[in-house]
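[1] need the 3D shape of this:
(one chain, ligands or ions: 3)
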Amino acid sequence: MVHHIPVLVHTPAHAAIGPLLTYAAGEGVPPGSLVRVPLGSRETVGIAWTTQRRDEDAGAATLEAEVPGLRPIAGLLEGVTPLCSGWCQLVSFAAQYYQRSMGDLTGQQLARRLAANAKQLAQGPAQPVTRADQETPALTPEQSAALARIQAGSGPFLLFGATGSGKTEVYLQAAMRVLSEQPDAQVLVMVPEINLTPQLEARFRARFEPQYGPSSVVSMHSGMSNPQRLRSWLAAHQGPARIVLGTRMAVFASMPRLRLIVVDEEHDPSYKSSEGARYSARDLALYRGRLDGAKVVLGSATPSLESWHHSREAAQGGRYERLLMPSRVGQGAMALPLLRRVDMTHQPKGAVLSPPLLDAMRQRIGRGEQCLVFINRRGYAPVLRCDACGWKSACSHCSAFRVFHKIDRTLRCHHCGFTDKVLQACPECGNLDIGTQGRGTEQVEEHIAELLADLRRPGSQSAEFPDGEPVRVARIDADSTRLKGALQAQMAAVHGGEVDVLVGTQMIAKGHDFRRVTLVAAINPDGALYSVDYRAPERLFSLLMQAAGRAGRDASLGAQSEVWIQTHQPAHPLYAALKQYDYPAFAESQLQERQQAGMPPFSFQALVRAEARTQEAAQAFLVAASAAARSEMAAWEGWTEILQAVFLYSAVPMGMQRVANVERAQMLVESANRGALQKFLAAWQPILHSSRKLPACKGLIRWAIDVDPVLV
Ligand code: ADP
Ligand code: ZN
Ligand code: ZN
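    Ligands and ions are numbered 1, 2, ... in the order given. A predicted model of the protein is given here:
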């Protein structure tokens, strides 16, 4: 008897129609098995899929099997146990929810890597053993209470804990309990950025390896080599890994005995993939927790408004349990730094650093303390311009200006990469006096060094510097850290006290523990208050809270630490709430605004983005597809309600309308009912596909649906 086996393979060619191909096999193949199958003239690795559908709504388009003349399966991949049904369900749910093919979600993750590394499968993991047995500290009362709730309840939990309140310690001990109670349990811990994994990995290894062995803790992130990632993947799938630490991709790790999922810094936009299958790893973690019966703990000092809303009182409809840890731990119970707002309307016009801030910095440096200065633009100046004729350094491929980088005297487009040398004269009129507009990290670094040129580092007198050494200003941003290991080296210099002032982008706000920093300054954060992106205030608040958490980590210095905000709107409610470090007050006011405006989490959104040679074609595609949706679906039985519940906005150019000579447009789709939006999107997919063939859409390059979009 010939069995028909649906197999999930990842091929770009099949991405559009759904990646399940049917193959023949002489005997049944257990679902989840990794199989070698012919595809065209080559062989690839796929996953034997279950044919049963979880529910009737399962997207017919994605699960429809295609029958390519039923070629036989070449064989099972030796030495790999089948993927469990929970994992397959996770992938199939994610594909339906995010309107992508399953292969898009798992392809890069798995099959290709397995195929490329099939030889290694039999080899055991080879990881260095670290033996730094770490004492388990006695928990504070707040930590104990949170841990007790996590043990007693079923979750999901939102651990709302100040920076330095000891959230990581709670994760560690929650994981320890799970592992000691269930001999084969596994724990997944996610962090938003690769840069945060080494610190965390060291802490988890020190705690778990002595008891659970050298391969009990593995990492999974895009900074690892393919063989490394494969080893981690296999160790979690069938080997000794009990704890997986990783970035958003780790949500798809195969962990057959998963019992606890931690999403640290759950508010971080990096959990939402910004290309390809645009999934939210945080949201999938919650879904996965339900599927696998694993508890989910979301942690943050500034939760996403969604999670905050979901963790309101149960009586008001809250679904998550909110756990509070407001106090910072450590000797002297470091207080959060004092927040000062400088009213820039009363400062000398054009001042980058206001006189009071500069004075405060000089005092700090004079005492041997460090300052951190934030500015959210890298480069020297965002625009180069000619006052004589009005020329500006526009990118010829994008609707953006090219940024002036003084260090190598280039103009660089931060969107498409187009770079060339800076001209000595205006390219339009030949004027020799071209100037800059706005300031980036490079210029602020240079400016601060000039302003502090007369200052000497305390206690640095030597034969070479009888009066002491000049102050050291350093910069950390995407440019200064491009080389591998550069960030670590620069961080080490800061930690080692070799730097007095550190200038940087938000890159330095996250997770790093700067013990000697006692002054943090945001010199121009107002932009987020006027942004068209309705999430910008939320991100600014969280960034400034995180930045504040960088100051005063050293108990002996903590009490006198300060955060300085230079603003033209000192009375703005965001800064007023920030001054009190009152996230709940900020969140309540934001949620009220969102509710009044019918924005998420009070509505659900999807964005269809189209890219084309011309803006007309991109918009024509969106307009045609939405018109077709209305006319076709209106005739369908029982669809009146769905169509009434879903609102399609007009097609508009994207904020960045043109990137690398590609025109971009988008259309927002919104509904107060998530189910209706999902049904609509699933039914709309085939209509979108056929719309691209219309003559008006000639020049369309690609389109994609982004469910629960976040603009970053
Ligand atoms: P968070 O993740 O909330 O920012 P961490 O878990 O990193 O906080 O804790 C901050 C610092 O306090 C760390 O150096 C950690 O080792 C220490 N710490 C955490 N919990 C305790 C405790 N119960 N007793 C002593 N030190 C603790
Ligand atoms: Zn000119
Ligand atoms: Zn460009």
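
[2] next secondary structure after the helix or strand of the chain with the lowest mean pLDDT?
    Every helix and strand in the chain was compared by mean pLDDT, DSSP states H and E; the lowest is helix 60-63, with a mean of 35. Using DSSP states H and E, the helix or strand that directly follows helix 60-63 along the chain is strand 75-76.

[3] contact partners of that next one?
    For strand 75-76, the surrounding residues in contact (C-beta atoms under 8 Å, 6 or more residues apart in numbering) are Val29, Ser33, Leu34, Val35, Arg36. Backbone N, C-alpha and C define where each C-beta goes, glycine included.

[4] at 7 Å instead, please
    Ser33, Val35, Arg36 (C-beta atoms under 7 Å, 6 or more residues apart in numbering).

[5] let's have those residues in JSON lines, adding pLDDT and secondary structure.
    Formatted as JSON lines, those follow (pLDDT from 0 to 100; DSSP: H, G, I helix; E, B strand; the rest coil):
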{"residue": "Ser33", "pLDDT": "91", "secondary structure": "coil"}
{"residue": "Val35", "pLDDT": "90", "secondary structure": "strand"}
{"residue": "Arg36", "pLDDT": "90", "secondary structure": "strand"}
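
[6] by neighbour count, which of these wins?
    In terms of neighbour count, Val35 stands highest of the contacts of strand 75-76 at 22 neighbours, by other C-beta atoms under 10 Å.

[7] looking at the sheet around that residue, what are its partners?
    For Val35, the beta-bridge partners are Gly46, Leu76 (DSSP bridges).

[8] tell me what the helix or strand harbouring Trp233 is packed against?
    Using DSSP H and E, Trp233 falls within helix 226-237. Helix 226-237 is packed against helix 111-116, strand 217-220, with contacts defined by 3 or more C-beta pairs under 7 Å, 6 or more residues apart in numbering; DSSP states H and E.

[9] which non-adjacent residue is nearest Ala351?
    Of all residues beyond its chain neighbours, the one nearest Ala351 is Met344 (7.6 Å), with distances taken as C-beta to C-beta, 6 or more residues apart in numbering.

[10] which pLDDT value belongs to the one you found?
    At Met344, the model reports a pLDDT of 95.

[11] hang on, it packs against Thr567?
    Yes. Met344 is within contact range of Thr567, at 6.2 Å (criterion: C-beta atoms under 7 Å).

[12] within range of ligand 3, give me the residues from the stretch 351-500 of the chain.
    Residues of the stretch 351-500 of the chain lying close to ligand 3 (C-beta under 5 Å from the ion) are Cys395, His397, Cys398, Cys413, His415, Cys416, Phe418.

[13] and the residue of the stretch 451-600 of the chain nearest ligand 3?
    In the stretch 451-600 of the chain, no residue comes nearer to ligand 3 than Ala478, which is 16.0 Å away by C-beta to the ion.

[14] give the burial count for that residue, as a bare number.
    Ala478: 14 neighbours (other C-beta under 10 Å).

[15] residues contacting it?
    Arg378, Thr505, Met507.

[16] residue contacts, the second one?
    Contacts for Thr505 were tallied using C-beta under 7 Å, 6+ apart; they are Ile375, Asn376, Arg378, Thr441, Asp477, Ala478.

[17] which residue, other than its chain neighbours, is closest to it?
    Once flanking residues are discounted, Thr505 sits nearest to Asp477: 4.5 Å by C-beta to C-beta, 6+ apart.

[18] hmm, that neighbour is touching Ile508, no?
    No. In this structure Asp477 lies outside contact range of Ile508 using C-beta under 7 Å: 8.4 Å.

[19] sorry, back to before: what subset of the contacts of Thr505 is also close to ligand 1?
    Judged by C-beta under 6 Å from any ligand atom, the overlap between those and the neighbourhood of ligand 1 is nil.

[20] which sections of the stretch 101-250 of the chain are below the confidence cut-off?
    Residue ranges of the stretch 101-250 of the chain with pLDDT under 70: 107-134.

[21] does stretch 486-495 reach ligand 1?
    No. Against ligand 1, stretch 486-495 shows no contacts by C-beta under 6 Å from any ligand atom, the least distance being 13.8 Å.

[22] please enumerate residues in contact with the longest helix along the chain?
    Taking DSSP state H as the criterion, the chain has its longest helix at helix 615-634. For helix 615-634, contacts defined as C-beta under 7 Å, 6+ apart pick out 608, 610-612, 639, 643, 648, 651, 653, 657, 663-665, 667, 683-684, 687-688, 691-692, 694, 696-700, 703.

[23] try it again with 6 Å
    The contact list for helix 615-634 (C-beta atoms under 6 Å, 6 or more residues apart in numbering) reads 610, 612, 639, 643, 648, 651, 653, 663, 665, 667, 684, 687-688, 691, 694, 696-697, 699-700.

[24] of these, grab the buried ones for PyMOL.
    This is the PyMOL syntax for the buried subset of the contacts of helix 615-634, where burial follows 16 or more other C-beta atoms under 10 Å:
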select buried, resi 610+612+639+643+648+651+663+665+667+684+687+688+691+697+699+700
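
[25] narrow the contacts of helix 615-634 to those in strands?
    Ala610, Ala612, Leu648, Ala651, Pro653, Glu663, Ala665, Met667, Leu700 (DSSP state E).

[26] now, which of these lie close to ligand 3?
    Of these, not one also sits near ligand 3 (C-beta under 5 Å from the ion).

[27] could I get those residues as JSON lines with pLDDT and distance to ligand 2?
    What follows is those, written out as JSON lines (pLDDT from 0 to 100; distance: C-beta to the ion, whole Å):
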{"residue": "Ala610", "pLDDT": "97", "distance to ligand 2": "36"}
{"residue": "Ala612", "pLDDT": "96", "distance to ligand 2": "33"}
{"residue": "Leu648", "pLDDT": "96", "distance to ligand 2": "45"}
{"residue": "Ala651", "pLDDT": "96", "distance to ligand 2": "36"}
{"residue": "Pro653", "pLDDT": "95", "distance to ligand 2": "28"}
{"residue": "Glu663", "pLDDT": "96", "distance to ligand 2": "28"}
{"residue": "Ala665", "pLDDT": "96", "distance to ligand 2": "33"}
{"residue": "Met667", "pLDDT": "96", "distance to ligand 2": "39"}
{"residue": "Leu700", "pLDDT": "95", "distance to ligand 2": "37"}
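
[28] ok, which of those also contact ligand 1?
    Within the ones in strands among the contacts of helix 615-634, nothing lies near ligand 1 by C-beta under 6 Å from any ligand atom.

[29] which one among the residues you listed gets closest to ligand 3?
    Among the ones in strands among the contacts of helix 615-634, Glu663 lies closest to ligand 3 (C-beta to the ion), at 13.1 Å.

[30] isn't that closest one right next to Ala651, touching?
    No. Contact criterion C-beta atoms under 6 Å: Glu663 and Ala651 do not qualify, at 11.9 Å.

[31] poorly predicted segments of the protein, please.
    Scanning the chain with the threshold set as pLDDT under 70 gives 11-19, 51-69, 107-134, 331-334, 511-512, 552-559, 712.

[32] return the residues of it in contact with ligand 3.
    Going by C-beta under 5 Å from the ion, the residues of the chain near ligand 3 are Cys395, His397, Cys398, Cys413, His415, Cys416, Phe418.

[33] thinking the first one is in contact with Arg412, fair?
    No. Taking contacts as C-beta under 6 Å, Cys395 lies outside contact range of Arg412: 9.0 Å.

[34] for Val662, give me its contacts.
    Counted by C-beta under 6 Å, 6+ apart, Val662 has contacts Glu611.

[35] what's the spacing between it and ligand 1?
    Distance, Val662 to ligand 1, using C-beta to the nearest ligand atom, to the nearest Å: 41 Å.

[36] show me what that residue is bridged to.
    Here Val662, judged by DSSP bridges, has bridge partners Val659.

[37] measure how buried the residue nearest to Thr505 is and give me the count.
    Applying other C-beta under 10 Å, I find that Asp477 has 22 neighbouring residues.

[38] who are the neighbours in contact with it?
    Arg378, Thr441, Gly504, Thr505.

[39] can you tell me the element Ala585 falls in?
    According to DSSP H and E, Ala585 maps onto helix 583-597.
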